[in-house]
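Trainee: Give me the fold of what follows.
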Amino acid sequence: MTTPAPTIPMDDQQQAARTWFESLRDRICTQFEAIERESSSDAVFTYTAWDREADGNAPGGGGGGVRGVMKGKVFEKVGVNVSTVGGALSPDFAGSIHGAAEDPQFFATGISLVAHMANPHVPAVHMNTRFLVTTKRWFGGGADLNPPIPYGEDTAHFHETLKAACDAHDPDHYPRFTKWADDYFFIPHRGVHRGVGGIFYDHLEGDFDANFAFTRSVGEAFLEAFAPIVRRRMASEWTREEYQQMLEWRGRYAEFNLVHDRGTLFGLKTGGNIDAILMSLPPMAAWN
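Mentor: Numbering: from 1, shown residues only. I've put the predicted structure just below:
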């Protein structure tokens, strides 16, 4: 698909990151649409472009993105967003962003994906990778699996695929980043983890080429890790009790994203598109 060019200037590194995130988005959406066709569904993604108005404190600021959403037979609701924005952070928020306390000007480009599935035996999933520029430059992101009904086989496959991607770059990445995911994707007020983990990393800076290569590997690993699990479980029969279990679990997911998720806060604090920021919320959930 064709996306509008952001209205902010970009150097070669920023453009390379943006181009990769957009190409990954297109490949993921193609794969998810293929899964829908396998289930005799004609569901496809619809794309909505949005613009971020330039901040008067940031000459050349602005940018925008594209929100892609599909609602089908297998994917009850899946959103895949790519955004490229820049400008100035508010003084109270700049102090919490790596490298922004010295200068509030920022640039950010990234992809964010959340899939909520129609069948409670198919796990929901989250994936996000991003490149941020303040007075520093770094990559962050990760992926984690969120099954209402966990299967050891699925958890093992997901982690093994991510571990292989990590090990190809640094043997310390997987043990460090999977622990980071366990610590981050935890709901303190519930005392439970959001799912069965994955990897999470942030502030990966220094060698742009090496860190960009790793971030691309995370995107490739996601494609390899998730689709086989969906195909394995999407035709499973489920009961009313299992569906209710999924709805209650989705409530926990919503609580985490609204209270603790850094990406949600960053989007809201930087004037992002509200529908894109909150596309992570499930279409239906329950609290008992």
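Trainee: Run through the residues that contact Trp20.
Mentor: Under the criterion of Cβ atoms under 8 Å, 6 or more residues apart in numbering, the contact list for Trp20 reads 212, 215-216, 219. Yep, even glycine has a C-beta here, placed from its N, CA and C like the rest.
Trainee: mind redoing it with 10 Å?
Mentor: 109, 111, 129, 131, 212, 215-216, 219 (Cβ atoms under 10 Å, 6 or more residues apart in numbering).
Trainee: who wins for most neighbours among these?
Mentor: Of all the contacts of Trp20, the highest neighbour tally under other Cβ atoms under 10 Å goes to Thr109, namely 28 neighbours.
Trainee: going on from the particular helix or strand that has that one in it, what's the next piece of helix or strand?
Mentor: With the criterion set as DSSP states H and E, the secondary-structure element containing Thr109 is strand 105-117. Of the helices and strands lying after strand 105-117 in sequence (DSSP H and E), the nearest is strand 124-133.
Trainee: Within the sheet, what are the partner strands of that next one, with directions?
Mentor: Taking DSSP bridges as the criterion, strand 124-133 sits next to strand 105-117 (antiparallel), strand 137-146 (antiparallel) in its sheet.
Trainee: of all these, which lies closest to Glu237?
Mentor: Taking Cβ to Cβ as the criterion, strand 105-117 is the member of the strands paired with strand 124-133 that comes nearest to Glu237, at 14.5 Å.
Trainee: In PDB, list the C-alpha atoms belonging to the closest one.
Mentor: These are the backbone C-alpha positions of strand 105-117, laid out as PDB (Å, rounded to 0.1, in the frame of the first residue of the first chain):
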ATOM      1  CA  GLN A 105      12.800  17.900  20.400                       C
ATOM      2  CA  PHE A 106      12.000  14.400  19.300                       C
ATOM      3  CA  PHE A 107      11.500  12.100  16.300                       C
ATOM      4  CA  ALA A 108       9.800   8.700  16.500                       C
ATOM      5  CA  THR A 109       8.900   6.100  13.900                       C
ATOM      6  CA  GLY A 110       7.600   2.600  14.600                       C
ATOM      7  CA  ILE A 111       5.100  -0.200  14.100                       C
ATOM      8  CA  SER A 112       2.600  -1.400  16.700                       C
ATOM      9  CA  LEU A 113       0.400  -4.400  16.400                       C
ATOM     10  CA  VAL A 114      -2.200  -6.000  18.600                       C
ATOM     11  CA  ALA A 115      -4.400  -9.000  17.600                       C
ATOM     12  CA  HIS A 116      -7.500 -10.100  19.500                       C
ATOM     13  CA  MET A 117      -8.700 -13.500  18.200                       C
END
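Trainee: Report the contact partners of Lys136.
Mentor: Here Lys136 is in contact with 97-100, 102, 203, 205-206 (Cβ under 10 Å, 6+ apart).
Trainee: Quick check: it vs Asp170, distance?
Mentor: Counting by Cβ to Cβ, to the nearest Å, the separation of Lys136 from Asp170 is 20 Å.
Trainee: Ala210 now?
Mentor: From Ala210 across to Asp170, the span is 9 Å (Cβ to Cβ).
Trainee: What of Gly272?
Mentor: Distance of Gly272 to Asp170, computed by Cβ to Cβ: 31 Å.
Trainee: Between those two, point out the one with more neighbours.
Mentor: A count of neighbours by other Cβ under 10 Å puts Gly272 above the other of Gly272 and Asp170, at 23 against 12.
Trainee: who are the neighbours in contact with that one?
Mentor: Listed by Cβ under 10 Å, 6+ apart, the contact set of Gly272 reads 50, 52, 63-65, 81, 83, 85, 108, 263-264, 266, 278.
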